[in-house]
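> Build me a structure from this.
(2 chains)
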Amino acid sequence: MIATLLPAGGAPLRPVVLALLSHWRRHPVQLVALVVGLAVATALWSGVQALNAEARASYDAAAEQVGGGVPRLVPSDGRTLDQADWVALRRAGWPVSPLIEREVTVGGEPVRLTGLDPLSLPALTGLDLGDGPGQEDAEGDGGDGFASFILPPFQTLAARETLRRLGLAPGDRPVLEDGTALPALVEAPGIAAGVLVADVGVVQRALGLEGRLSGLAIGDDPRPRADLAEVTGTRLSRIEPERPGDLDRLTRSFHMNLTAFGLLSFTVGLFIVHAAIGLAFEQRRAMFRTLRSTGVSARRLSLALMVEILVLAAVSGSLGLIGGYLVAAALLPDVAASIGGLYGAEVPGTLALRPSWFLAGLGMAIAGALVAGTQSLWRAATMPVLASAMPEAWAVAQRRWLRRQGALAGAIALAGLLLPSLGGEILGGLVAGFGMLAAMVVAAALVLPVILAWALTQAERRARPGLMRWFWADGRQQLSGLSLALMALLLALAVNIGVGTMVGSFRATFTTWLEDRLAADAYLNARDAAQAEAIVASLEADPGVTRVLPNWHADTRVQGWPTEVYGFADDPLYRERWPLLDTVGAPWDLVASGEGLLVSEQMAYRLELSPGDAITVPGASGEWTGTIAGIYADYGNPRGQIRVDIDRLTALFPGVERRAFGVLTVEGERARVVGMLGEDFGLGPDQLRDQAGIRALSLSIFDRTFVVTAALNTLTLGVAGIALLTSLVTLSGLRLPQLAPVWAVGLTRRELGVMELARMAALSLATAVVALPLGLGIAWLLVAVINVEAFGWRLPLHLFPGDWLRLAVLAALVAAVATLQPMLRLMRMAPARLIAVFAAAR
Amino acid sequence: MRRPVGPWLALVASLLSLAIATSAPAQGYLGLGAAQDNGFAEVRPDRPISLPADHGAHPDFRIEWWYVTANLKGPDGADYGLQWTLFRSALAPEGSEEGWQARQFWMAHAAVTSADTHRSAERFARGGVGQAGVTHPPFEAWIDDWRFAHLGDGSGDAFSPLVMTARSDDFAYDLELSAEAPEVLQGEAGYSVKSELGQASHYFSQPFFHIRGTIVIDGVETEVTGRAWMDREWSTQPLVETQTGWDWFALRFDEDNALMVYRLRHDDRDAYVTGNWLTADGRSERLAPGEIEMTALEITEVKGRDVPTHWRIEVPAREIDITTRPLNAQSWMDVSFDYWEGPVFFEGSHDGIGYLEMTGY
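The predicted structure follows:
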């Protein structure tokens, strides 16, 4: 006590902090609310960050893998090239390294088998083969990794993740579908997941492709070299790599989505923290006054408060990080599936801990706590010594607060509206879209208490004088304390509605679209051209088969975009069933003439193309300029796509693989034809799919894609529930002065408890009502702005009122659960405590 | 013996995880035992050098190299040096496996040196697939776009004229070589003993090439002329494990006389110093251990190592007492298996130019 009596500014910090902390001992529920709020906020935020970091790390690994991230020379005919061409290029000064790659299956699991030559261009492969050329000082016995790789008995390198997926251990020999055994597996960091790497000669032999290569990686060597055409004529074409940037760009929207969810959860959590800190401040006004009058300066007091917040933030943040790791670990497999399904990028299903992640998460927790506590800190620093220890008259304070909230909401909403026109150019459409989304959500949250206050006032006016009027008026009185929790509920509900509407719309559209697109009865992929010819001959002779339609494609780049060029035959099937979004007069005739083409929606969007425009397509045999006959939806494809007449395709890409076909059958013959294909030609499930199978597969990929979204949605709603619960619990103690008089005039505690519950349900339902338009607004932004920016396609908005009803019930339920504890407490409260309210004259 | 074996051996050792030389001491003076390993041919004193056939590759021996160095002058009198080297190393004699499975490996080094810069580059390749190799006749040695090859159809016996090219990102050269003098045999009639323990190689040289052409450093072309020296050496079991490095000189006294000396250093006994006195009429006289004295005079710090860049060489029987200094003391071959190699000048009892190679520092 002596210490606190020292002159102002001279007081040691410790006793002040201890005095402040004593508050939490007396109000453990508040402490729990604060810690849980911040911990949950940190957990969701850092969990999402961990997911993003993991995905990015795997993109980088994929980009750095053998021959990835560097330009390549590939056979113009899409087949393989003669190794002699590689030698000729080396001898002409080209820094090229041979690659042979095939998609294979090992124990039913698809993997990419890559053969390479580490000696001809070690730097290119990015392989850590231990000691060897390119490594300093290979004297001594050195590692034998390099030698083991290129010498018998050879090695097959794979990432740990790949080994896990294949169910194989180092030392095992992976066996290809034809029974060929690869060399023993060695776990190697730096190999991308889903890839097996072995010596080029080993892979050539395993695939029966001696002397053949699938491509040449071009090293980064500025030496002058001979012109490509002089060395290999037109046999080889250069393709640019899919840089890490490509994958980054493709997946950016997905990660922005996750980040937005993480931020949203964090914000909701901060509402809780803000509420708890604010409440603690109000309750400690008397203590502050005492401390100040004993000589503690305002600066010292704020410093002590700051220390308190920092300590709490550090503890809660650490708890949150543990939670975040658990959240991320639980969601990673789904994220991996989503990214795999959407973009074909493989992400390992195991989580690595990164120190940067830990520090950033803790920093975020502390920064968040400080932001949430700013108001309290400011008030503690500026509070006059002799200020009233009593809370201000709540009615006056609330009116002022509502006016401020309303004004702020208006300002933010305006900023959000102006954002696309002002900042769209600078920020990019996607960021501007998310900015608009954020502004809309924040403005709606801020304006919520204003709307609720207005609604309560209206209800109060219309209510009969007496109990019902008190019911509403008391609700208004509670609003200040509950508003933050209600805002959190609003955000959670609105985002649920918004995302639910988007996903639902997407699914509905996608299902119909799949129905139309998968018009043929079965799709087959022959092993090679010879088998394809045999199959087609057999099918054409089969009376149960009406048509066999080629479905061939080649890859190119149109104005820098990786683009698939598909060829198809003019057939009523397409004319009748293929859905087109926008067309010129007679699109199918134009395409059939060989002069027209169809482009996918995302391609049209990215390259700003409309029907009637001309577009130049680089082919293996040269460029071709065609007229856009129509635009079609191509949901979920990160690449551009063009469809041309089959003859045009073969003219453009003479070497295109002619292995894929769609089969139409006479009614009732489908099962027999599919069975015949499987039996007579040995087509496995990878090579032969019936329409139903493809649809099921597509939908399962689709559903997995949104598993993460759904999970985060639910978590956010859970956080809102916690916010509501903690607010109510902390309020319940404060509300005795309001309840005691009502009890005194004759209401039973049970009646009081039920009224509390009813009021909470009413407020939650009102919040849900506000959440509905907000949610639809979010859905609209997601579908019409963000989705177009991110993926390049637009969706029709479908409404699902059933979901809304479900959510409203859920909201009321969350509120009821949150009210339950305070209600029960009130119902069981000793009457003496209620009486004590009158005794404790203020 | 040309010391480039060192780096190459290190590579081979790493490739094979074989301690190639470890069995050597037990094999007796001639070191013949190891030659029977894996079916490789033996280095034998009674196997004569046969020219021009021996310009080609000897894939039945374990290691081999084609080694060219040149002392050059630009139009302004500025001095330059250059190096072109192709190494072959086999894990199995040729013919046992083909294509990617062939266990022959190639490595090449190229360098240019001026008074103020030294540039080096390296290339690696696997045998059996055509990226590198040596054919004869007509003679052609290549790795990627680096070539050392006979000009014309290769008819006739003369190993001349030849073209030699190499290119890296910051230097390149393209030169023609011609020789009127015959090749000279090193050691005793081409049988070159490397230590008291009997390691040996087949070794001959062409010290009397005239060379002219262009070198390019950082895009600047310079016409140069000068003299070049080629060493050809192959062996199966060349060095002992205790050997720590060597210092090798190729010195040109005048138009008709040259001296090759080397010192093989061991960590467990005295260095082995020997050499040959070579003349343009094809004669070669071996200088036995004890006839030559090599003394390091000055140490220079090169890439953080202490390298003796100035030397005194004495051959009393021939009244030779010279000191050498480098054109560029920083002639460090900054390649995977690094060493010092660059042009030198000498003066004293005789004046002249030459090349110095030092490994193991």
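> Give me the phi and psi for A:A226.
phi -70, psi 160 (degrees, to the nearest 10).
> Sorry, wrong one. I was asking about A:A633.
phi -80, psi 140.
> Show residues contacting stretch A:375-383.
A:274, A:277-278, A:280-281, A:288, A:292, A:298-299, A:301-302, A:305-306, A:309, A:370 (C-beta atoms under 8 Å, 6 or more residues apart in numbering or on different chains). Bear in mind the C-beta positions are built from the backbone N, C-alpha and C, glycine included.
> Would you mark the buried spots in that stretch?
A:376-377, A:379-380, A:383 (16 or more other C-beta atoms under 10 Å in any protein chain shown).
> and the contacts of stretch A:375-383, which two are the farthest apart?
A:H274 and A:R292 (23.7 Å; C-beta to C-beta).
> With respect to chain B, which of the buried residues of stretch A:375-383 is nearest?
A:L377 (56.3 Å; C-beta to the nearest C-beta).
> Assumed that closest one was part of a helix.
Yes. Looking at A:L377 with DSSP: H, G, I helix; E, B strand; the rest coil, it is inside a helix.
> now the helices for chain B?
For chain B, the helices defined by DSSP state H cover B:5-16.
> Pick out the residue in it sitting closest to chain A.
Counting by C-beta to the nearest C-beta, chain B gets nearest chain A through B:W100, at 2.4 Å.
> picking up where we left off before, out of the buried residues of stretch A:375-383, which one has the lowest pLDDT?
Minimum pLDDT for the buried residues of stretch A:375-383 is recorded at A:M383 (68).
> shaky segments in the stretch 301-450 of chain A?
A:337-351, A:383-396, A:420-430 (pLDDT under 70).
> give me the element the residue of the stretch 101-250 of chain A found nearest chain B is part of.
Shortest the stretch 101-250 of chain A-to-chain B distance, computed as C-beta to the nearest C-beta: residue-wise this is A:G201, at 2.4 Å. Using DSSP states H and E, A:G201 falls within helix A:200-207.
> now do A:A711
A:A711 belongs to helix A:707-734, assigned by DSSP H and E.
> And for A:P543?
Counting by DSSP H and E, A:P543 is part of no helix or strand.
> So B:V193 is in contact with B:G275, correct?
No. B:V193 lies out of contact with B:G275 (C-beta atoms under 8 Å); the separation is 11.9 Å.
> Which neighbours do those two have in common?
What both B:V193 and B:G275 touch, as defined by C-beta under 8 Å, 6+ apart, is an empty set.
> what secondary structure does A:A508 sit in?
helix.
> Could you report the separation of the nearest residue to it once chain neighbours are set aside from A:V503?
Among residues not flanking A:A508 along the chain, A:H798 sits closest, at 5.0 Å (C-beta to C-beta, 6 or more residues apart in numbering or on different chains). Distance, A:H798 to A:V503, using C-beta to C-beta, to the nearest Å: 10 Å.
> Among these two, which residue is more densely surrounded?
A:V503 (20 against 15; other C-beta atoms under 10 Å in any protein chain shown).
> Beyond the stretch of helix or strand the more buried one belongs to, next helix or strand please.
Per DSSP H and E: A:V503 is located in helix A:467-517. Per DSSP H and E, the first helix or strand lying C-terminal to helix A:467-517 is strand A:522-525.
> can you give me how far that following strand is from the chain middle?
Put simply, strand A:522-525 sits 32 Å off its chain's centre (C-alpha atoms, centre = their mean, to the nearest Å).
> Tell me which other helices or strands that strand touches.
In this structure, strand A:522-525 makes packing contacts with strand A:660-665, helix A:670-681, strand A:688-690, helix A:691-705, judged by 3 or more C-beta pairs under 8 Å, 6 or more residues apart in numbering or on different chains; DSSP states H and E.
> List the contacts of it.
A:535, A:551, A:659-663, A:665, A:670, A:673-674, A:677, A:683, A:686-691, A:694.
> buried sites along stretch A:297-315?
A:297-298, A:300-309, A:312-313.
> on that earlier part again, quick one: the closest residue to the residue of chain B closest to chain A other than its chain neighbours and A:V441, what's the gap?
The shortest distance from B:W100 to any non-neighbouring residue, by C-beta to C-beta, 6+ apart, is to A:G201 (2.4 Å). Going from A:G201 to A:V441 by C-beta to C-beta gives 59 Å.
> which residues does the closest residue to A:E669 other than its chain neighbours contact?
Ranked by C-beta to C-beta, 6+ apart and with sequence neighbours excluded, the top spatial neighbour of A:E669 is A:G544, at 3.3 Å. Going by C-beta under 8 Å, 6+ apart, A:G544 touches A:665-666, A:669, A:672-673.
> Over to B:D60?
B:39-41, B:93-94 are the contacts of B:D60 under C-beta under 8 Å, 6+ apart.
> Buried subset of those residues, written for PyMOL?
Applying 16+ other C-beta under 10 Å to the contacts of B:D60, the buried members can be selected in PyMOL as follows:
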select buried, chain B and resi 40+41+93+94
